[in-house]
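Enquirer: Here is a sequence with its predicted model. Questions after.
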Amino acid sequence: MHLTQALGRDSLFLLFIAIFMSGCTINRDIMFRTGDDFDFAPLEEMESTGYRIAPNDMLRFQLFSNKGQRLNQMTAGGVGSSANGGNNQQMNNMMNQQGGITYLVKPDGLVELPELGDIRLEGLTIEEAEGLLEEAYASFYNDPFVILRVQNNRVYIFPGESGRASVVTLQNMNTTLLEVLAMTGGIGSRANASKVKLIRKTDAGNEIYKMDLSTIEGLDAANVVVQAYDIIYVEPLPQLVRETTESLTPITSLISTLTFLYAFILNQN
């Protein structure tokens, strides 16, 4: 009799533990949690400064002389008048067709470029880097014209559904959050459109912005321009029934086994 009572108490105890533990595992896949009183950064103060070149960036580089005159000639189909000009035209045309050459920003922030050697571009915007390179190449070419683009700028998108996270390469420097969501198929079926977070790394640390895209009023927020390495996280809605069931399944199996043993021992007595 004491054994059956002990089994009964153990079953109730395990059931209590199962309910408690299931509560601990529900919503365990929700990332980047913020409390109810979390101080989000104001959307209207979101930085709109250009991206600054960083180590491991891949830079597409093009250089033309005479303030890009030959670039205009190539676009218009013009031909150089002299033999030397024709050769330069052919070389520039080849570079234009290939879209330039790609160079790596080394971990120390330097880029090794033809004729210049190592030059520091880390921390500069694209416009600042182009201006610096045009000044540097002025010793070699007449009125140099530089085109510089970062090839591997990307953002990370978590659309609120398991298995759909992706990395999106930014082909356009003016890509909006709405475009990024569209490129990844929109938010997931389990996503909460009223809880969209954009996490941006700044010199002062991570800034976190909260957006409500569930109403038409959220369109302005959705049209904000993303920057390289932004994290866009759409919080998923909890699936309480499924997650609770999954959490309880192992424990309920154990309780069923104990109940069977309890009934078996009781019948033997």
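Expert: That came through, no problem.
Enquirer: What are the boundaries of the strands in this protein?
Expert: Counting by DSSP state E, residue ranges of the strands within the chain are 58-64, 101-104, 110-113, 117-120, 145-150, 154-158, 166-169, 191-202, 205-211, 231-236.
Enquirer: Just the mean pLDDT for the second one, thanks.
Expert: For strand 101-104, mean pLDDT is 91.
Enquirer: Kindly provide the distance from Glu207 to Leu170.
Expert: 19 Å (C-beta to C-beta, to the nearest Å). In short, each C-beta sits where N, CA and C put it, glycine included.
Enquirer: re the thing from before, just the strands of the chain: most buried one?
Expert: Ranked by mean neighbour count, the strands of the chain are led by strand 231-236 with a mean of 22 (mean count of other C-beta atoms under 10 Å).
Enquirer: What mean pLDDT does that strand get?
Expert: pLDDT averaged over strand 231-236 gives 92.
Enquirer: Partner strands of it, with direction?
Expert: Neighbouring strands of strand 231-236 in its sheet, by DSSP bridges, are strand 154-158 (parallel), strand 191-202 (antiparallel).
Enquirer: Can you list the neighbours in contact with it?
Expert: By C-beta atoms under 8 Å, 6 or more residues apart in numbering, the surrounding residues in contact with strand 231-236 are 29-32, 155-162, 177, 180-181, 187-188, 190-193, 195-200, 226.
Enquirer: And the helices in the chain, which stretches?
Expert: Assigned by DSSP state H, the chain shows helices spanning 2-25, 69-76, 83-98, 126-137, 177-183, 219-222, 240-268.
Enquirer: Torsion angles phi and psi at Phe38?
Expert: Recorded main-chain torsions at Phe38 are phi -70, psi 140, according to degrees, to the nearest 10.
Enquirer: Tell me how far it lies from Ile157.
Expert: Distance, Phe38 to Ile157, by C-beta to C-beta: 21 Å.
Enquirer: isn't Ala222 right next to Leu177, touching?
Expert: Yes - counting by C-beta atoms under 8 Å, Leu177 is a contact partner of Ala222 at 5.4 Å.
Enquirer: out of the two, which sits in the more crowded spot?
Expert: Between Ala222 and Leu177, counting by other C-beta atoms under 10 Å, Leu177 is the more crowded of the two (22 against 18).
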